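*Asks:* sharing a model prediction with you, sequence too.
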Amino acid sequence: EAGVAQSPRYKIIEKRQSVAFWCNPISGHATLYWYQQILGQGPKLLIQFQNNGVVDDSQLPKDRFSAERLKGVDSTLKIQPAKLEDSAVYLCASSLGSGWGYEQYFGPGTRLTVT
Amino acid sequence: DAKTTQPPSMDCAEGRAANLPCNHSTISGNEYVYWYRQIHSQGPQYIIHGLKNNETNEMASLIITEDRKSSTLILPHATLRDTAVYYCIVRPNSGYSTLTFGKGTMLLVSP
């Protein structure tokens, strides 16, 4: 079974530039998550989708971050404009369902460096 | 904020059991204890979860105290590939409950 795919794996941009990350979840998984992991910390949930609808985006900085999940499959996370403090690993995860009992499967992440 | 407390780091010799503690003294009756681990440059990986009974699978065992205020993840025969950050997470069994990660425990398995 193929895992969660993410691209690119690494990205370096200057502050105030924009960047986009792509995620392809495991086939058949209805729920998709984006996490931000700053160096030395655990992942922090940014947004959760159930199919193509947003379930939770309470921790998404909506003035600069946006995410979409078209057709309930692939998803993109965008940052515009980027700040230095956005340097982090951005992890995508998926699960069969959104309830507590469903295991989340994580992708390898995209490491973003903002200079 | 994470509702768990874990030591920042632990060491273990290869082939020995690794016992990783977690304190969750404010856990509620409807909350499960989950463990994930994150190997360097990879995303977190699910290990095991439990409510109040001890659990075992092919990766590890989870021992939860009777009062449920603490738990221990046991890797019975640690290998070098078990070197990772281990996260203990308390998660309610309701609704769209999410994973709230703390800083975890960095386990270093040495030859």
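*Replies:* Happy to help now that I have it. Residues are numbered from 1 along each chain as shown, chains lettered A, B, ... in the order given.
*Asks:* give me the buried positions along stretch A:93-105.
*Replies:* Neighbour counts over stretch A:93-105 (16 or more other C-beta atoms under 10 Å in any protein chain shown) mark A:93, A:94, A:95, A:98, A:100, A:104, A:105 as buried. Quick note: C-beta positions are derived from backbone N, CA and C, even for glycine.
*Asks:* if you could redo that for stretch B:103-111, that was the one I meant.
*Replies:* In stretch B:103-111, counting by 16+ other C-beta under 10 Å, buried: B:104, B:105, B:106, B:107, B:109.
*Asks:* could you list which of the buried residues of stretch A:93-105 also contact chain B?
*Replies:* Near chain B, taking C-beta under 8 Å from any C-beta of the partner chain as the test, the members of these found are A:93, A:98, A:100, A:104, A:105.
*Asks:* farthest pair within the residues you listed?
*Replies:* A:100 and A:105 (15.5 Å; C-beta to C-beta).
*Asks:* list the contacts for residue 19?
*Replies:* Just going to use chain A. A:11, A:13, A:78, A:79, A:80, A:82, A:112 (C-beta atoms under 8 Å, 6 or more residues apart in numbering or on different chains).
*Asks:* chain B is the one I meant
*Replies:* B:72, B:73, B:74.
*Asks:* from those, which land in helices?
*Replies:* Residues of those located in helices (DSSP state H): none.
*Asks:* residue B:37 - how many residues pack around it?
*Replies:* Neighbours of residue B:37 under the rule other C-beta atoms under 10 Å in any protein chain shown: 23.
*Asks:* assess the claim that it and residue B:87 are in contact.
*Replies:* Yes. At 7.0 Å, residue B:37 counts as touching residue B:87 under the criterion of C-beta atoms under 8 Å.
*Asks:* quick revisit: so which of the buried residues of stretch B:103-111 reach chain A?
*Replies:* Near chain A, by the rule C-beta under 8 Å from any C-beta, you find residue B:104 out of those.
*Asks:* ok, back up a step: which of the contacts of residue A:19 tops the neighbour count?
*Replies:* residue A:82 (23 neighbours).
*Asks:* turn the buried residues of stretch B:103-111 into TSV, columns for secondary structure and pLDDT.
*Replies:* Formatted as TSV, these follow (DSSP: H, G, I helix; E, B strand; the rest coil; pLDDT from 0 to 100):
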residue	secondary structure	pLDDT
B:104	coil	96
B:105	strand	98
B:106	strand	98
B:107	strand	98
B:109	strand	98
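*Asks:* tell me the one among the buried residues of stretch B:103-111 nearest to chain A.
*Replies:* Closest to chain A out of these is residue B:104 (5.9 Å), distances taken as C-beta to the nearest C-beta.
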